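Participant: Build the 3D model from these lines:
(2 chains, ligands or ions: 2)
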Amino acid sequence: MTMRVISLNVNGTDHSVQVGPLDRLIDVLRDQLGFKSVKEGCSTGDCGICAVMVDGKLVNSCLMLASQCDGRRVLTLEGLVNDLSMKRLQGSFIANNAAQCGFCTPAMLMASWDLARHKADPSEDEIKVAISGILCRCTGYYQIIDSVREGCKRGTT
Amino acid sequence: MQEGDHLSEQISQLLDSLREKAERGELLYIGENIVRVDSLEKVLGNPVYTADLIPKGTIYAKLFHSSIPHGVIKVMEIGGAKTHPGVLGVMTHKDIPGLNESSAVLPDRQLFADSMVRSTADILGAVVAETASAAADAAARIKVEYEPLPAIFDPLEALKPDAIKIHPKGNIARQMKIRKGNVDEGFAKSHLILEKTYRTQFQDATPLEPEMGLAIPEDGGVRVIGSMQSPHHTQAAVAKVLGLPQEKVRVIQAVTGGAFGPKSDETPYDVCSTAALAAVKYRRPVFCGMDREDSMVMHTKRHPFVISHKTGVTSDGMLLADESRIVGDTGAYASLGVFVVVRATFHTVGAYEVPNVKADSYLVYTDNTYAGSLRGFGGPQAIFAIESQMEELARRLGIDPLEFRLRNMLVPGKRNATSAVMDSSCGLPQCVEKVVASSRYREKAARYRNQTGSVRRGLGLALLMHGNSLGPEGNDYGAVHIEILSDGTVSVGSGLTEYGTGAVSGMMQVASSVLGVPLSRFKLERPDTSKHRESGPTVASRVIVIGGNASKLAAEKLREKILPLAAEMLKTERNRVAIADGVAFDRLNLSATLDWDDLVKEAYRRGIGLREEGYFMAPQAPWDQEIGQGTPYLQYTWGALVAEVEVDMDTGYYKVVGVHAAYDVGKAVNPAGVLGQIYGGTVQGLGYAMMEELIHREGSVVNPNLGDYYIPTSMDIPQEFKAFIVEVPGPLGPFGAKIIAEPPIVLPGPALRNAVLNATGVSVDDLPVTSEKVLMGMRPQQAPRTA
Ligand code: FES
Ligand code: FES
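Facilitator: Ligands and ions are numbered 1, 2, ... in the order given. The predicted structure follows:
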C-alpha cells in the first residue's frame, strides 16, 4: 500500500500526516493527531457520533477517507473550547442533564453548534432535524433538545 | 438570639436560608437538580473512555467467531492469518493457561470454543497484530471446517422431550414456578376465561460505545481498563482465564459509553480476558475492542419470550385466576438469563391482584446467539404479555380498560403474585391518576370510540410494578468509602459503577447532603479493584438504593468525627453545630461560622483520620423456591403510562403522538436525573415496541449493524411527552428513594400495542408492532370497522 503525505488544517493548526489509501479521517484525527472527542460507534455512517466539520460542513469522519481531506479545514470539539457559542451550548447541556453516558455528546454539540451558526432561535422541529443524524441511546433526546434550544437562544446576544 | 451585626446582610440571609434547610432535616441537597459530577468532562469531549486511553506501543486483538450455529470444529486453518503482514499471532483455546471459561453464573460457556460450537456468537479465538486493521484483515483469512450438527432455533422445539440436546444436561437452563391459591377453583368460578399467547423479539441494547478492553502487563500480572458495569466480576473472570490469583489482575472501569445490561454480563469478560491473555503472552499493552457488528453478534441480547396466559374473570371484571407458561430463549448460553427468567416470573401478573396464580417458566437453550442482561431484566416481556391480556379481557367484557384496571390493580393492602402484601409505599394509584388526568384519558377514550375516518386515534394504558433490589438474583450489598482530602475535597470511591444513568452522582449527592458540603467539592474515584471493595454487580438500578445507603453510612461516620471538632472550634456544643454549603455554624449563634476548608485543615493538623467506609447489605428477601411465594423484593417502583397513537387505516402506518408517564420513585434524589431516565428509558422502550428486532436466520444475525437494525432517532420521538414524578417513600432506599433507571423501558411496549388495538381493532401479539403487522391485521376486514 502506498502511503502519501497530506496536509490538513485541524482546529486552526496545519498538520502534515502520512496516510494510506484506506485510512479514514477518524483514524487520522484520533490516532495520529489525538483528537479523542471524535467517537466511533458504528463505522458505517449510521450513528453520526464521529461527526466533525470539514470546510464548514458536518460530516461523518468514519466515512471520509483521509486522503480526501488534503488541503481542507477540519474542526472538532477540541477546536471550539474557546468559542462563545460552543461554551453556551456546553453550559446548557450540563444544566439540562443532556449528557448521560456522554458518548454522543461531542457530536451532538458539533451538530448543535452548526445549527446555532445558522439559526438564532431554532424551532423544536429544526433542532430535531439538525441532530437527527446522530444517535443517542441514553437520553431519549428531550433534554438534548431543551439544551440546544436554550444554548442557541442565548447565542443571539 | 440572632446577632447579625457583624455580618453583612447578604451573608446573614444566606445563613438563614441554610439554617432553615439544615433544621428541616438532612435533605439539604436531596431533591434538587444538581449538576452531575461527571458532566464537565463529557461536554469537553475529554479522553476518558477505554479507546481514548490506548498508550503508544499497543497491539490489537480481533476476535473471530463461528459461522455456523451448531457443529463440531474439524480444522481451524490459521496459517493464512499468521503470515499476514503485521500479525504477531493467533490465539485459540490452546493459548489459555487457566480455565477456558467465560461465564457469569452457570459454567456453560468457553472463552474460545475448543471442539464444538453452539451458536454463531461462539468465539474461536483472536488475531493479535500491530494495528487494528491488520488484525481485522487477518481474522477474515481464518478458515474453519465444521461438521455441522442439527440445530434448534425455536425455544418451544427445544423444550420437547425428544429434542437434540444443546448442552449435555439438556435444554432447560432454569425452571421456576409460582403457586398461589388454586387456579382450578378460580377458573371454575369464572364468567369468562381467555387464553392467549404473546411473543417478544431479540432486542439489542446498543450502547453507543461497544465493548472494549485494554490490558497492560504489570508486575507478574496485568492491569485491565475497560468499558463495563461490574469490575470485580470481570477481575474474577480474567484471573480464571489467566490462571492467576485475583490480586494479580487489577481492573479499572473506564468511563463507560452506555451499558444497559450486556456490560454487566459476559461480554466484558471476553474482551478483557482476550486483551489480558495477549498482554501476558506478548508483554505489550493490548487493546481488544468490538466493532458494532462484533458487538451485535457476540454480546448478550434481550431474550425473546413466548408467554401464554389463561385468565379467568367474573362478569363484573374481577380477576380470579391466571395461569401462565413463560418460555425464554437464552440462545446457546445461560449468562445472567437464569435471573432474567426469575424476575419475569415474579412479574407475570404485573401490577394486579389475582387471588389464584400459577406460573411455570423455563429458560431454554437454542442455537441462537445468546441473550442475557438487558435493562428491565425480564420485566418488558412479562409486562407486555399481561398488559396485553388485560386489554383483551376488558374489551371482551365490554368494560373500559381503565376501569377494569382500577378494579384489579394493586393498592395498599392487596397481594401481588408472590402473596407479598402491598404496604403504604405503593404509589400506583397516584401514578394512574396523574397519567389519566394528563392524557385526558376518559374524554378522549369516549371520543375515539366511534371513529370512521381513514386516520384514527387510540389510547393505550399499561401499569407497572417493578421489584427493587436484587432479591432472588443474589445478595444485595455495596460498599462506599469516602475520604476527605487535606484540601477539603471529598473523594468517593466504590466498586459500584457509573455508565450514564447518573446514579453514582446521586449516591454522592446523598453524602453531600449528610455532610453539608456541596457536590462541586466532591470527586469520584474511578472504580478500581485494587482500591475498592467488591460490591456485587452494578445492575438492577441498585446504585441509588444500595450505594446510596452505603454512602449515607460513610458520610454519617465522618460527620460524627467532624462535628465535635467544629463544636470545639466554634466554642459551642456538639448538638448546636450544623454544616451547610461548606460552612459550619452554631445554630443558635449565627455569627459563629467556620469554613469547611479550615475545619478539615484542623482535623489534619490533629491527625484525625477522615476516611470511612459505609457498607450496606439489604435485608434478606425470603421466598419459597417450590411455590414462588414470599417477599422476593424489598420494595417496588410503580408506574403508569398512556400512549396515544394515530394510525393511517389505509397503510397501517402509525405514529405515537403523545406519551404520558408517571413513576413513583419514592424520593427523587435528583429530579432532572430521574426525568432523564424516564425519557431515555421510554424512548428505548418505544424502539423495542415499534422497530427494534435483531433478526436471526438459521442462527445467524442478519442485521448486525445500525443501518439495518433501527433505533429511535430524534425524528422518532413523540411530539408530546409528559413525565411525572410521584414520591411515596419506600422502606429501603436512602430518604425513601426507589430505583428508576430500569423501569421506564417496560411500559411503552404494551401501552403502544394497546393504543393501536383501540384505534384499529387489530391485536398485535408479537413485538415489535410494525406498520406491516397492523396493515395485515386490518386487511381481512376491509370494510370500515365498527367498535
Ligand atoms: S462511527 Fe461514523 S457514523 Fe457511526
Ligand atoms: S448520552 Fe449516551 S448515547 Fe447519548
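Participant: Now do the SS call for whatever residue of the stretch 601-750 of chain B ends up closest to ligand 2.
Facilitator: When scored by CB to the nearest ligand atom, the stretch 601-750 of chain B has B:Gly680 as its residue closest to ligand 2, at 8.0 Å. In this view, the C-beta of every residue, glycine as well, is placed from N, C-alpha and C. The three-state assignment at B:Gly680 reads helix, by DSSP: H, G, I helix; E, B strand; the rest coil.
Participant: can you check B:Pro107 too?
Facilitator: Per three-state DSSP, B:Pro107 ends up coil.
Participant: Around it, count how many other residues there are.
Facilitator: Residue crowding around B:Pro107 was assessed by other CB atoms under 10 Å in any protein chain shown; the count is 12.
Participant: One more: B:Ile193?
Facilitator: Neighbours of B:Ile193 (other CB under 10 Å): 16.
Participant: ditto for B:Asp716
Facilitator: Using other CB under 10 Å, B:Asp716 has 18 other residues around it.
Participant: Return the residues in contact with residue 104.
Facilitator: In the absence of a named chain, this looks at chain A. By CB atoms under 8 Å, 6 or more residues apart in numbering or on different chains, the contact list for A:Cys104 reads A:39, A:41, A:48-49, A:134-138, B:208.
Participant: nope, chain B
Facilitator: For B:Ala104, the contact set (CB under 8 Å, 6+ apart) comprises B:233, B:265-266, B:269, B:335-336, B:372.
Participant: so what's it scoring on pLDDT?
Facilitator: pLDDT recorded at B:Ala104 is 91.
Participant: name the element it belongs to?
Facilitator: B:Ala104 belongs to no helix or strand when assigned by DSSP states H and E.
Participant: Then B:Val306?
Facilitator: strand B:305-313.
Participant: The following helix or strand past that strand: how far from the chain's middle?
Facilitator: Note on strand B:305-313: by DSSP H and E, the next helix or strand toward the C-terminus is strand B:319-329. Chain-centre distance of strand B:319-329: 24 Å, with CA atoms, centre = their mean, to the nearest Å.
Participant: For strand B:319-329, output the C-alpha coordinates as PDB.
Facilitator: Output of strand B:319-329 as PDB, limited to C-alpha atoms (Å, rounded to 0.1, in the frame of the first residue of the first chain):
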ATOM      1  CA  LEU B 319     -59.700 -11.200  38.200                       C
ATOM      2  CA  LEU B 320     -60.000 -14.600  39.700                       C
ATOM      3  CA  ALA B 321     -57.200 -16.800  38.300                       C
ATOM      4  CA  ASP B 322     -54.200 -16.600  36.000                       C
ATOM      5  CA  GLU B 323     -52.100 -19.500  34.700                       C
ATOM      6  CA  SER B 324     -49.100 -18.600  32.600                       C
ATOM      7  CA  ARG B 325     -46.400 -20.500  30.800                       C
ATOM      8  CA  ILE B 326     -43.200 -18.500  30.300                       C
ATOM      9  CA  VAL B 327     -40.500 -19.700  27.900                       C
ATOM     10  CA  GLY B 328     -37.400 -17.600  27.400                       C
ATOM     11  CA  ASP B 329     -34.900 -18.200  24.600                       C
END
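Participant: so B:Pro712 touches B:Thr682, yeah?
Facilitator: No. Look at B:Pro712 against B:Thr682 with CB atoms under 8 Å: they stay out of range, at 9.9 Å.
Participant: okay, these two: which has more neighbours?
Facilitator: For B:Pro712 versus B:Thr682, neighbours defined as other CB under 10 Å are more numerous around B:Thr682 (28 against 22).
Participant: Name the nearest residue to the more buried one, sequence neighbours excluded.
Facilitator: Sequence neighbours aside, B:Pro744 is the residue nearest to B:Thr682 in space, at 5.0 Å (criterion: CB to CB, 6 or more residues apart in numbering or on different chains).
Participant: Which pLDDT value belongs to the one you found?
Facilitator: B:Pro744 is given a pLDDT of 97.
Participant: my guess is it contacts B:Gly681, does it?
Facilitator: Yes. Judged on CB under 8 Å, B:Pro744 makes contact with B:Gly681 at a distance of 2.9 Å.
Participant: ok so, going back, redo the contacts of A:Cys104 as JSON lines? Include pLDDT.
Facilitator: As requested, the contacts of A:Cys104 are arranged in JSON lines below (pLDDT from 0 to 100):
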{"residue": "A:Lys39", "pLDDT": "98"}
{"residue": "A:Gly41", "pLDDT": "97"}
{"residue": "A:Gly48", "pLDDT": "98"}
{"residue": "A:Ile49", "pLDDT": "98"}
{"residue": "A:Ile134", "pLDDT": "98"}
{"residue": "A:Leu135", "pLDDT": "98"}
{"residue": "A:Cys136", "pLDDT": "98"}
{"residue": "A:Arg137", "pLDDT": "98"}
{"residue": "A:Cys138", "pLDDT": "96"}
{"residue": "B:Leu208", "pLDDT": "97"}
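Participant: and of these, the nearest to B:Ala668?
Facilitator: The closest of these to B:Ala668 turns out to be A:Cys138 (CB to CB; 18.2 Å).
Participant: Tell me the secondary structure of B:Ala126, please.
Facilitator: B:Ala126 - assigned by three-state DSSP - is strand.
Participant: Please, where are all the helices along the stretch 101-250 of chain B?
Facilitator: Taking DSSP state H, counting those that start in this stretch, the helices of the stretch 101-250 of chain B run over residues B:132-139, B:155-159, B:183-188, B:231-242.
Participant: typed the wrong thing, it's chain A
Facilitator: Secondary structure of chain A (DSSP state H): helices at A:25-27, A:84-95, A:105-118, A:124-130, A:142-154.
Participant: out of those, which comes closest to B:Val480?
Facilitator: Of all the helices of chain A, helix A:84-95 comes closest under CB to CB, at 24.4 Å.
Participant: right, is the closest one up against ligand 2?
Facilitator: No. Using CB under 6 Å from any ligand atom, we find that helix A:84-95 stays clear of ligand 2, coming within 9.8 Å at best.
Participant: residues contacting B:Tyr146?
Facilitator: B:Tyr146 makes contact with B:66, B:68, B:71-74, B:117, according to CB under 8 Å, 6+ apart.
Participant: If we use 10 Å, what do you get?
Facilitator: B:66-68, B:70-76, B:116-117 (CB atoms under 10 Å, 6 or more residues apart in numbering or on different chains).
Participant: Nearest to chain A among these?
Facilitator: B:Ser67 (20.5 Å; CB to the nearest CB).
Participant: Test for you: state the pLDDT assigned to the closest one.
Facilitator: Reading off the model, B:Ser67 has pLDDT 97.
Participant: what about it, neighbour count?
Facilitator: Neighbour count of B:Ser67, defined by other CB under 10 Å: 15.
Participant: Could you do A:Lys119 as well?
Facilitator: Residues near A:Lys119, counting by other CB under 10 Å, number 17.
Participant: Now do the contacts for B:Val357.
Facilitator: Taking CB under 10 Å, 6+ apart, one finds B:178-181, B:183, B:186, B:319, B:321-324, B:348-349, B:415-419, B:628-629 in contact with B:Val357.
Participant: now swap in B:Asp184 and tell me
Facilitator: By CB under 10 Å, 6+ apart, the contact list for B:Asp184 reads B:312, B:321, B:323, B:356, B:358.
Participant: Which strands and helices lie in contact with the helix or strand encompassing B:Lys62?
Facilitator: If you go by DSSP H and E, B:Lys62 is part of strand B:59-65. In terms of contacts (3 or more CB pairs under 10 Å, 6 or more residues apart in numbering or on different chains; DSSP states H and E), strand B:59-65 is packed against strand B:87-91, strand B:123-129, helix B:132-139, helix B:267-282, strand B:286-289, helix B:292-298.
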